[in-house]
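1. My questions are about this predicted structure, shown below with the sequence.
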Amino acid sequence: MLQETAEVSCPYCGETIAILLDLSVEEQSYIEDCSVCCQPMTVSYRTEDGELAELNVEAAG
Ligand SMILES: [Zn+2]
């Protein structure tokens, strides 16, 4: 399985957290709780040829 860890800034608390991305999926959007403040954020990303092309994190509330 093609996986990559990416570091993003939480839109709520601003902490840098590591999230695990599955790069075998071309496009994905899901809700993940921040591991620091536990607020739900929307993680969306796009891949090209198994490489991360775009990554976006925003507040889900
Ligand atoms: Zn947070």
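-> Great, that's in hand.
2. contacts, neighbours, all on C-alpha from now
-> Will do.
3. Pull the contacting residues for P11.
-> M41, V57, E58, A59 (Cα atoms under 8 Å, 6 or more residues apart in numbering).
4. Which residue, other than its chain neighbours, is closest to S29?
-> Distance criterion Cα to Cα, 6 or more residues apart in numbering; nearest residue to S29, sequence neighbours excluded, is S44 at 4.1 Å.
5. Neighbours of that neighbour, how many?
-> 16 (other Cα atoms under 10 Å).
6. Y45 touches A53, doesn't it?
-> Yes - using Cα atoms under 8 Å, Y45 is in contact with A53, at 7.5 Å.
7. Who has more neighbours out of these two?
-> Between Y45 and A53, Y45 has the larger neighbour count (other Cα under 10 Å), namely 19 against 13.
8. next helix or strand past the helix or strand containing the more buried one?
-> Take DSSP states H and E as the rule and Y45 turns out to sit in strand 40-48. Helices and strands here follow DSSP H and E; after strand 40-48, the next one along the chain is strand 51-59.
9. any idea how far the residue most central in space within the chain lies from the ion?
-> By Cα atoms, centre = their mean, the chain has its centre lying nearest to V43, at 4.1 Å. Counting by Cα to the ion, to the nearest Å, the gap from V43 to the ion is 13 Å.
10. beta partners of that residue?
-> Residues in a beta bridge with V43, per DSSP bridges, are Y30, V57.
11. you'd agree it is up against D33?
-> No - if you go by Cα under 8 Å, V43 and D33 don't touch, sitting 9.7 Å apart.
12. coming back round to it: show the buried residues in the contacts of P11.
-> Among the contacts of P11, those scoring as buried are M41, V57 (criterion: 16 or more other Cα atoms under 10 Å).
13. In TSV: the contacts of P11, plus pLDDT and distance to the ion.
-> As requested, these are exported to TSV (pLDDT from 0 to 100; distance: Cα to the ion, whole Å):
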residue	pLDDT	distance to the ion
M41	97	9
V57	97	11
E58	97	11
A59	97	10
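14. of the contacts of P11, closest to E27?
-> Using Cα to Cα, V57 comes nearest to E27 of the contacts of P11, at 13.8 Å.
15. separation between the spatially most distant residue from the centre of the chain and the ion?
-> Relative to the mean C-alpha coordinate of the chain, counting by Cα atoms, centre = their mean, the farthest residue is D49 (18.1 Å). Applying Cα to the ion, the value for D49 to the ion is 31 Å.
16. I'm done for today, thanks for sticking with me.
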